[in-house]
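Participant: sequence and predicted structure, then a few things I'm wondering about:
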Amino acid sequence: MEDMKETVEQSLREMRETFASGRTRSVKWRKTQLRAIIEMVKDNEDKMCDVLFQDLGKHSTEAFRDELGFVIRSATTALDCLDKWVVPRKSNLPLLFYPAKGKVISEPYGTVLVMSSWNFPISLSLDPLIGAISGGNTVLLKSSELSPNASAFLAKTIPSYLDNKAIKVIEGGPDVATILLQQQWDKIFFTGSPKIGRIILAAAAEHLTPVTLELGGKCPTIVDHHSVSKDMKSVVKRISGGKWGSCSGQACISVDYVLVEQSFASPLIEMLKTTVKSFFGDNPKESGCLSKIVSKKHFQRLARLLNDPGVKASIVYGGSMDEDKLFVEPTILLDPPLDSEIMNEEIFGPILPIITLRDIQESIGFIKSKPKPLAIYAFTKDENLKTRILSETSSGSVTFNDVMIQYMCDALPFGGVGESGIGRYHGKYSFECFSHEKAIMEGSLAMDLEARYPPWNSFKLAFIRLAFREAYFKLVLLMLGLIKVRDQ
Ligand SMILES: NC(=O)c1ccc[n+]([C@@H]2O[C@H](COP(=O)([O-])OP(=O)(O)OC[C@H]3O[C@@H](n4cnc5c(N)ncnc54)[C@H](O)[C@@H]3O)[C@@H](O)[C@H]2O)c1
């Protein structure tokens with residue numbers, strides 16, 4: 001680990017020198033790096049799909065949708081919009097400040113640390129990198145130890161495409177992360193669990209480093225069957241896609257559990273079973289379309305959640321597991337105990353609890369009784385229910401009548417609130433995430449107001465009172481002696 005410490009310190013020195021040289025601030029440099037990311041993904045599509053298959057058993061179509069294609073799109077958007085993003089924004093200052101002028105310029109933070117997660121090891125590494133580069137920063141990326149093939153691929157390939165004096169990759173687990181967190185960074189961007197998020201925040205506090213924490217949590221899905229009964233086939237397909245179609249539910253925005261009225265639970269479960277069969281056939285293990293569980297540790301975690309006697313008794317579909325193949329069958333639970341671990345921890349796997357309520361309006365109270373989720377999904381056409389969800393609950397995002405799609409839409413900010421995270425990124429929000437918005441005020445020496453300066457008197461106090469209210473006409477009258485000081 002002494003060697004690693006030296007490597008980290010040496011990398012940091014080099015990145016700081018590069019940043020100080022000013023090279024990464026130029027739009028030309030940023031664009032060259034963004035083009036290189038696109039080229040790297042396009043040149044290495046097969047290799048990337050291979051590593052994603054080795055680490056997670058991801059089908060190449062799923063890998064392209066969730067990772068490669070997503071990254072190409074994100075880098076292309078940044079490339080297309082960068083000229084617009086970097087333009088200083090003029091601020092219209094109130095007359096009070098005349099003749100000063102104001103603007104906001106986005107300046108890079110400097111040298112930033114990005115720590116990524118294993119479930120989307122390519123996109124969750126490259127997408128923040130795109131933001132950091134767009135902002136003009138130098139970056140050190142720590143990939144996740146739990147996706148070792150993707151991590152090794154990134155460590156080997158990134159230096160041959162990108163400016164390796166400005167962008168570096170370090171592989172490793174918690175011990176390496178600890179060394180990294182002992183250093184001073186200008187910004188830390190972390191994707192991972194709320195538990196480790198707390199460690200990151202505590203380490204960042206040491207140097208007052210700004211952080212973005214992209215965390216997880218339990219994303220509830222409300223099914224208001226009364227208002228969407230005609231579209232139930234699409235509803236069930238979307239829920240199934242959101243639970244089993246993206247890394248086997250090992251996704252921060254995956255459907256964690258469903259809330260539905262008691263009377264509709266059985267039909268919903270029957271439709272879910274049919275949909276699972278239509279997605280993965282009679283033998284999902286051999287379908288090639290379901291990712292595996294990332295590691296033995298995570299497999300055992302899921303096994304523990306499922307083996308709780310109360311939870312086991314609630315299985316209405318699936319439940320089989322194969323530790324050698326790290327396979328967990330798509331599984332549906334009906335009303336597992338609400339105090340069980342599975343209903344209080346992020347599931348992060350292909351298990352779907354269905355929680356029944358007497359009235360779907362109770363879903364609001366249910367969600368409010370839990371930490372703020374990263375996403376809330378609600379299948380409903382009831383405008384009253386929609387309004388209640390928006391105004392009475394808090395979450396990173398709310399998506400009506402769909403799931404997970406909000407992640408792909410880079411016109412919307414992506415991030416959590418409370419337990420599900422701090423900050424947001426994607427599209428222009430990524431540029432902002434990695435830029436400090438610096439306020440610029442261009443003052444003028446052409447005139448000077450004595451009321452700003454001591455010695456203080458009642459006239460100056462009256463002047464300041466009017467100035468705060470922007471009561472310009474009265475200010476003129478005051479200066480002309482046409483209104484009395486005490487009348488203010
Ligand atoms: N919001 C998002 O965009 C998003 C995306 C993917 C995953 N997630 C969340 O990430 C979690 C799963 O990912 P994970 O298992 O990689 O998370 P994790 O928190 O266990 O690990 C994340 C990173 O922290 C590092 N780490 C682990 N222990 C550490 C320690 N003691 N000190 C310092 N660093 C340490 C790891 O090396 C890894 O790089 C879930 O909660 C999921 O919801 C969020």
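Facilitator: Looks like it came in fine.
Participant: rest of the way, CA atoms for contacts and neighbours
Facilitator: OK.
Participant: so which bits of the stretch 1-150 of the chain are right by the ligand?
Facilitator: Applying CA under 6 Å from any ligand atom, we find that the stretch 1-150 of the chain lies next to the ligand at M115, S116, S117, W118, S143, S144, E145.
Participant: quick one: the helices in the stretch 251-400 of the chain?
Facilitator: Remark: helices assigned in the stretch 251-400 of the chain by DSSP state H, counting those that start in this stretch are 262-280, 296-307, 309-312, 362-368, 383-392.
Participant: can you list contacts of the last one?
Facilitator: The one in question is helix 383-392. The contact list for helix 383-392 (CA atoms under 8 Å, 6 or more residues apart in numbering) reads Q361, I364, K368, A378, T380, V398, F400.
Participant: just among these, which is most surrounded?
Facilitator: Within those, most neighbours by other CA atoms under 10 Å means A378, with 24 neighbours.
Participant: so what's that one closest to, chain neighbours aside?
Facilitator: With CA to CA, 6 or more residues apart in numbering as the measure, I222 is the residue that lies nearest to A378, at 4.4 Å, once sequence neighbours are left out.
Participant: go on, L146?
Facilitator: Closest to L146 by CA to CA, 6+ apart is W118, at 5.7 Å.
Participant: quick one: pLDDT of the residue nearest to A378?
Facilitator: Looking at I222, its pLDDT reads 98.
Participant: state the distance from it to W29.
Facilitator: Here I222 is placed at a distance of 46 Å from W29 (CA to CA, to the nearest Å).
Participant: before we move on, what about S143?
Facilitator: 24 Å.
Participant: more neighbours: the two, which one.
Facilitator: S143 (28 against 16).
Participant: what's near enough to touch the more buried one?
Facilitator: M115, S116, S117, W118, P121, S125, S151, L154, V169, I170, E171, G172.
Participant: pull up the gap between it and L482, please.
Facilitator: For S143 relative to L482 (CA to CA), the value is 70 Å.
Participant: domain parsing for the chain?
Facilitator: For the chain, the structural domains run 1-215+426-438, 220-412, 455-487, going by the TED database.
Participant: rank these by pLDDT, which is bottom?
Facilitator: domain 455-487 (a mean of 93).
Participant: in it, what's buried?
Facilitator: With burial defined by 16 or more other CA atoms under 10 Å, the residues of domain 455-487 counted as buried are F459, K460, L461, A462, F463, L466, K474, L475, L478.
Participant: in helices only, show me those residues.
Facilitator: If you go by DSSP state H, these have F459, K460, L461, A462, F463, L466, K474, L475, L478 in helices.
Participant: give the closest residue to K474 in space, chain neighbours not counted.
Facilitator: In space, K474 is closest to L466, 7.2 Å off (CA to CA, 6+ apart).
Participant: ugh, wrong one, I meant V104
Facilitator: A439 (4.7 Å).
Participant: for the one you found, give me the pLDDT.
Facilitator: 98.
Participant: give the pairing partners of the host helix or strand of it; include direction for each.
Facilitator: Using DSSP states H and E, A439 falls within strand 435-442. Partners of strand 435-442 in the sheet, by DSSP bridges, are strand 101-108 (antiparallel).
Participant: contact partners of the strand it pairs with?
Facilitator: 25, 86-93, 135-137, 432, 434-443.
Participant: next secondary structure element downstream of that strand?
Facilitator: Toward the C-terminus, strand 101-108 is succeeded by strand 111-115 as the next helix or strand (DSSP H and E).
Participant: give me the contacts around that next one.
Facilitator: With CA under 8 Å, 6+ apart, strand 111-115 has contacts from 12, 15-16, 19, 125, 128-129, 132, 137-144, 185-191.
Participant: just these: which are in strands?
Facilitator: T138, V139, L140, L141, K142, K187, I188, F189, F190, T191 (DSSP state E).
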